[in-house]
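*Asks:* What shape does this take:
(chains A and B)
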Amino acid sequence: MFSPNTGKVVKVGIAQMDVVKSPDTIRTSGLGSCVGVVIYDESKKIAGLVHVMLPDSSLSRTETINKAKFADTGIEALIEMLQREGVQKFRLKAKIAGGAQMFKFASDNDTMRIGPRYVEAVKKELKKYGIPIVAEDTGGNSGRTIEFDPDTSKLMIRTVNQGVSEI
Amino acid sequence: MSHQNINSLHLDVLKEIGNIGASHAATALSDLLSKKIEMRVPKVEMITFNEMMELAGGPEKVVVGIYLRIEGDLEGSMFFILPVEQANRFIQRLLQDDQFDFRNNASELGMSAMQEMGNILSGSYLSALSDFLRLKVYPTVPGLSIDMFGAIISIGLIEISRVSDYVIVINTSISEEGLEDTEMKGHFLLLPDPESFNVIFNALGVG
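*Replies:* Predicted coordinates:
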């Protein structure tokens, strides 16, 4: 979809995560209020992406936890996955996108204003691990498809109305 | 009730709910447009979030989406999803303006007409459902978004994701006369919150 590349595109679904090495790229499609968190090592050209649905695993009422669903467990698990690939934690940086408010409502209903809360939760978790956020494209009212290229450390973002941009 | 305990009788009940709700909504749409609208037999599926994202042409497919929350005895999310071309034709017909296009500077008038259409259709779907189940159901004012299907539908999955990794969706597709065999289909999607399934089954004596 974005730039021509010799590697394959690894797709990450909602509440899922994965890790890629250059020349492969990693993508998630149709982010709304959810947040896409990319954590990467620039020198090793390795990157992980998690597509989180909920801010905090304490909200879960399921018996088993899908870690990639929550900002706290998702980011923790993604860092572990990256470490298994041989990256060092202090080299990690992050780029994040998503957290849109897809519908405008007159009401004060909490579920309608989740986007900004999710972004805050993600930032809090990254701060906990000392991972700097190099760039972000969050908030607004548009859905996003994002793709990260570990070779260039660029995150491409496509929206329906504003076309493709790069952070 | 956990999702695993849902049997074929329960699925039939949910299908019937989709049938009653969507047929009222399809009739309302048909009256609104003075045009024949065909409705398919509803599908009830228990699917993963990612299967849900693929439902109306994939997460990146641009659609016109109406979304509202249902509150009261029964809680959940409801979506009315239309392919952009189909939504364009509906609004063009409603406004007698064949230039209207959601992708190209959609007019305020067209946007509010779409919002109102969402209001009328979801109202008829839910009032039929409320009468049938004898439950109080209060819809919120519908919101409208023209965007990627995945970005739109995920708002309905978030509430469910607290308690489950699966969603039960009552999906009824509609099409215009003459276009039944094409991909040009609108969808009424009802996603009851997991706690509300027992309410539905108890209301119909199949708990």
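*Asks:* Could you look up the SS state of A:Q83?
*Replies:* With DSSP: H, G, I helix; E, B strand; the rest coil as the basis, A:Q83 sits in helix.
*Asks:* Count the residues that sit near it.
*Replies:* 12 (other C-beta atoms under 10 Å in any protein chain shown). Any C-beta I mention is one placed from the backbone N, CA and C, and that applies to glycine too.
*Asks:* wait, it sits on A:R91?
*Replies:* No - contact criterion C-beta atoms under 8 Å: A:Q83 and A:R91 do not qualify, at 10.8 Å.
*Asks:* which parts of chain B sit against chain A?
*Replies:* Listed as neighbours of chain A in chain B under the rule C-beta under 8 Å from any C-beta of the partner chain: B:49-50, B:53, B:58-60, B:62, B:67, B:69, B:140-141, B:143-152, B:154-155, B:157-159, B:161-165.
*Asks:* Could you pick out the buried ones from these?
*Replies:* The neighbour count (16 or more other C-beta atoms under 10 Å in any protein chain shown) marks B:49-50, B:53, B:59-60, B:62, B:67, B:69, B:140, B:143-152, B:154-155, B:157-159, B:161-164 as buried among the residues of chain B next to chain A.
*Asks:* Correct me if wrong: B:P42 contacts B:H187.
*Replies:* No - with contact defined as C-beta under 8 Å, B:P42 and B:H187 do not form a contacting pair (10.3 Å).
*Asks:* Pull up the overlap in contacts between these two.
*Replies:* B:171-172 (C-beta atoms under 8 Å, 6 or more residues apart in numbering or on different chains).
*Asks:* What segments of the chain are helices?
*Replies:* Using chain A. A:71-84, A:114-128 (DSSP state H).
*Asks:* wait, I meant chain B there
*Replies:* B:8-33, B:49-53, B:84-95, B:108-133, B:149-161, B:196-203.
*Asks:* can you tell me the average pLDDT over the last one?
*Replies:* Right, helix B:196-203. The pLDDT scores in helix B:196-203 average 89.
*Asks:* what about the chain, any weak spots by pLDDT?
*Replies:* With no chain named, the answer covers chain A. A:1-5, A:105-113 (pLDDT under 70).
*Asks:* Chain B, not that one
*Replies:* In chain B, residues with pLDDT under 70: B:1-4, B:180-183.
*Asks:* Smallest gap between it and chain A, at which residue?
*Replies:* Residue nearest to chain A within chain B (C-beta to the nearest C-beta): B:G150, separated by 2.0 Å.
*Asks:* My understanding was that that residue contacts A:G143; is that so?
*Replies:* Yes - B:G150 is in contact with A:G143 according to C-beta under 8 Å; the separation is 6.8 Å.
*Asks:* Can you pull the residues that touch both of these two?
*Replies:* By C-beta under 8 Å, 6+ apart, the residues touching both B:G150 and A:G143 are A:30-32.
*Asks:* who touches residue 119 in this structure?
*Replies:* Using chain A here. A:35, A:96, A:98-99, A:136, A:138-139.
*Asks:* I was after chain B.
*Replies:* B:N119 sits in contact with B:141-142, where contact means C-beta under 8 Å, 6+ apart.
*Asks:* Residue of chain A nearest chain B, please.
*Replies:* Residue nearest to chain B within chain A (C-beta to the nearest C-beta): A:G30, separated by 2.0 Å.
*Asks:* can you list the contacts of A:V119 in TSV and add neighbour count and distance to chain B?
*Replies:* Shown next, in TSV, are these (neighbours: other C-beta atoms under 10 Å in any protein chain shown; distance: C-beta to the nearest C-beta, whole Å):
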residue	neighbour count	distance to chain B
A:V35	29	11
A:I96	25	16
A:G98	29	9
A:G99	27	11
A:E136	19	17
A:T138	20	13
A:G139	14	13
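*Asks:* which residue packs closest to the residue of chain B most remote from its centre, ignoring adjacent ones?
*Replies:* Centroid-distance maximum for chain B: B:Q99 at 26.6 Å, with C-alpha atoms, centre = their mean. Closest residue in space to B:Q99, ignoring its immediate chain neighbours: B:Q92 at 7.8 Å, by C-beta to C-beta, 6 or more residues apart in numbering or on different chains.
*Asks:* That neighbour reaches B:F102, doesn't it?
*Replies:* No - in this structure, B:Q92 is not within contact of B:F102 by C-beta under 8 Å, at 10.4 Å.
*Asks:* Of these two, which one has the most company?
*Replies:* Neighbours per residue (other C-beta under 10 Å) separate B:Q92 from B:F102, with B:F102 holding more: 20 against 15.
*Asks:* got the contact list for that one?
*Replies:* B:F102 is in contact with B:64, B:84, B:87-88, B:91, B:110, B:114, B:146, counting by C-beta under 8 Å, 6+ apart.
*Asks:* Roughly how far does it sit from A:A135?
*Replies:* Distance, B:F102 to A:A135, using C-beta to C-beta, to the nearest Å: 31 Å.
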